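Novice: using only what follows, build the 3D model:
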Amino acid sequence: LTTTGLDLKNNTLVDVANARQEWVSGRIVISAPTDQGWAGTVLESWITTAATAGYINFDKSNNVTQGSHTAVDSGDVLGYVTFRGPDGSAFNSGAQIRGEATDTFSGSARGAKLVFSTVDNDTTTLDDRMTIDHDGQVGFNGAVHINETANGEMTTGLTINQGTADDQILAFKSSDVTHG
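Specialist: The predicted model follows:
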């Protein structure tokens with residue numbers, strides 16, 4: 001049983017701060033599997049303000065005391081969305097989206113990035129695949145960067161780093177043509 005928050009075992013909200021204000025214009029639905037085969041969570045809101053809708057916040061403070069707002073440091077994970085499946089004995093991660101601070105947070109700094117990770121077939125290791133950095137640069141597996149400005153030869157553009165693969169840097173392929 002939880003002291004605050006959502007008690008899924010008893011289907012109740014327990015000691016939710018501002019519950020009357022939070023639940024007036026919408027609802028949260030948490031459903032068990034149905035005969036259609038799905039279960040899920042729905043956030044609904046009914047309001048005419050264009051920018052107002054359902055949302056999920058992942059809050060992190062560098063303090064163990066609830067209500068204390070100690071700044072997070074650069075490199076701190078801000079939250080995860082993890083997609084998991086069972087291996088026969090426990091649920092394990094197959095893919096993940098991670099929010100990570102790239103600044104020590106302050107009144108004037110809140111840099112962060114999103115990291116997308118997946119697990120290769122026939123392995124169990126979660127590997128970072130794509131990153132959207134604090135400055136909008138998008139990187140894929142550390143090799144392709146879109147909107148990169150670190151290359152001194154251009155102001156913005158696409159950089160492909162072939163690393164140790166010296167045979168090709170860019171190849172276009174058609175599915176009906178044999179390549180070799």
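
Novice: CA only for contacts and neighbour counts going forward, please
Specialist: Fine.

Novice: over to Leu114. Which of the three states is it?
Specialist: Using DSSP: H, G, I helix; E, B strand; the rest coil, the structure places Leu114 in strand.

Novice: who does it bridge with?
Specialist: Gly99, Ile132 (DSSP bridges).

Novice: read off the pLDDT value for it.
Specialist: Here the pLDDT value assigned to Leu114 is 97.

Novice: could you do Asp103 as well?
Specialist: Per-residue confidence (pLDDT) for Asp103: 96.

Novice: lowest-confidence helix or strand of this structure?
Specialist: When the helices and strands of the chain are compared on mean pLDDT, DSSP states H and E, helix 19-22 comes out lowest with a mean of 41.

Novice: now do the closest residue to Thr131 other than its chain neighbours against Asp133, distance only.
Specialist: Nearest non-adjacent residue to Thr131, counting by C-alpha to C-alpha, 6 or more residues apart in numbering: Val115, 4.5 Å away. Relative to Asp133, Val115 is positioned 8 Å away (C-alpha to C-alpha, to the nearest Å).

Novice: again with Thr125
Specialist: Thr125 is 23 Å from Asp133, by C-alpha to C-alpha.

Novice: more neighbours: which of the two?
Specialist: For the pair Thr125 and Asp133, the greater number of neighbours falls to Asp133 (17 against 13), based on other C-alpha atoms under 10 Å.

Novice: ok, the closest residue to the more buried one other than its chain neighbours - contacts?
Specialist: Take Asp133 and drop its neighbours on the chain: the residue closest to it by C-alpha to C-alpha, 6+ apart is Lys113, 4.6 Å away. Residues in contact with Lys113 (C-alpha atoms under 8 Å, 6 or more residues apart in numbering) are 99-102, 131-134.

Novice: redo the residues you listed as CSV? Include distance to Val64.
Specialist: Converted to CSV, those look like this (distance: C-alpha to C-alpha, whole Å):
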residue, distance to Val64
Gly99, 20
Glu100, 19
Ala101, 18
Thr102, 21
Thr131, 29
Ile132, 29
Asp133, 28
His134, 27
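
Novice: quick check, nearest of these to Asn62?
Specialist: Distance to Asn62 across the contacts of Lys113 (C-alpha to C-alpha) is lowest for Ala101, with 12.1 Å.

Novice: surely the closest one touches Gly75?
Specialist: Yes - the criterion here is C-alpha atoms under 8 Å, and Ala101 meets it with Gly75 at 5.3 Å.

Novice: who's more crowded, those two?
Specialist: Ala101 (21 against 14).

Novice: and the more buried one, how close does it get to Asn121?
Specialist: Separation of Ala101 from Asn121 (C-alpha to C-alpha): 30 Å.

Novice: same check on Asn92?
Specialist: Asn92 is 14 Å from Asn121, by C-alpha to C-alpha.
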